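J.: Generate a structure from the sequence data that follows.
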Amino acid sequence: MEKVTITEQDILNANASIPLTKKWALAKYIAEWSLEKNNVAVVEKGKDTIPLPDLYQRRTILETQFKIGVFVHEYMGREFDPVHESETDAPVTYLMAADEADQWSNFEAQLDRLKRSKTPDVANKCYDILNDYHAFVRMVSIEIEQELQVRNDLLGRAAWYLAATVSKAASDEIRAAIEKLPKEESAEEIAEAKAVETV
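T.: Numbering: from 1, shown residues only. Sure thing, here's the model as predicted:
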């Protein structure tokens, strides 16, 4: 597949950076889209088949399509048609089609070469763009890791599993056992009993 060629003029027309708050918003947006549920094995408990809590994992291909889409749109200032994440969804902003992302996949190598340009403005801007883009990529990675930690929280998943494995019959048995426990007499009941004994 033919790659897109980035020229020195493209660099001069490009944006050298994305505002910090926009980087953060884009990173959170991509993190939410770049996770998927991974259905895990089930545990058989007697006659019941109980699914374990879902684990979330990174969708690395989708994450890459997003990051390239951000580079093309925000830094290079080029428009592209975002694609649907599934047949039923509307087009997802910044999500570049996989084949189109392939055409841009060597953009960092091109900018690395252009850093050696004899035109100072081009060389300096390549440094600025790559530095800012790498900062953005680090933010995306941090947001995804934080989101994974929240969704795959061990204690939360353990609580979910315990709740799922306690059947209605077991709940009824626990309730019946509690009802059979000796009832603690209140202070008023004790006083009344003593009054009866003294009569």
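J.: Please point out which parts of the helix or strand where Q149 lies sit buried.
T.: Take DSSP states H and E as the rule and Q149 turns out to sit in helix 120-151. Buried residues in helix 120-151, defined by neighbour count with 16 or more other Cβ atoms under 10 Å: 122-123, 125-126, 128-130, 132-133, 136-137, 139-141, 143-144, 147-148, 151. For glycine as for every other residue, the C-beta is placed from the backbone atoms N, C-alpha and C.
J.: The residue lying closest to K22 once chain neighbours are set aside: neighbour count?
T.: Taking Cβ to Cβ, 6 or more residues apart in numbering as the measure, K22 lies nearest to E74, with 7.9 Å between them; neighbours along the chain are not counted. Neighbours of E74 under the rule other Cβ atoms under 10 Å: 21.
J.: Repeat that for R58.
T.: 16.
J.: if we can go back for a sec, can you tell me which helices and strands the helix holding Q149 packs against?
T.: helix 8-13, helix 20-33, strand 35-38, strand 55-58, helix 60-70, helix 107-114 (3 or more Cβ pairs under 8 Å, 6 or more residues apart in numbering; DSSP states H and E).
J.: any idea of the mean pLDDT in that helix?
T.: Mean pLDDT, computed over helix 120-151, is 95.
J.: now stretch 98-115
T.: For stretch 98-115, the per-residue pLDDT averages 96.
J.: Run a quick neighbour tally on W24.
T.: Residue crowding around W24 was assessed by other Cβ under 10 Å; the count is 14.
J.: Over to L26?
T.: Look at L26: counted by other Cβ under 10 Å, it has 22 neighbours.
J.: Same question for A109.
T.: Look at A109: counted by other Cβ under 10 Å, it has 11 neighbours.
J.: Next, find the distance separating it from D81.
T.: If you measure A109 against D81 using Cβ to Cβ, to the nearest Å, the figure is 25 Å.
J.: For the nearest residue to H84 once chain neighbours are set aside, give me the pLDDT.
T.: In this structure, H84 finds its nearest non-sequential neighbour in P91, 5.7 Å apart by Cβ to Cβ, 6+ apart. P91 is assigned a predicted lDDT (pLDDT) of 80.
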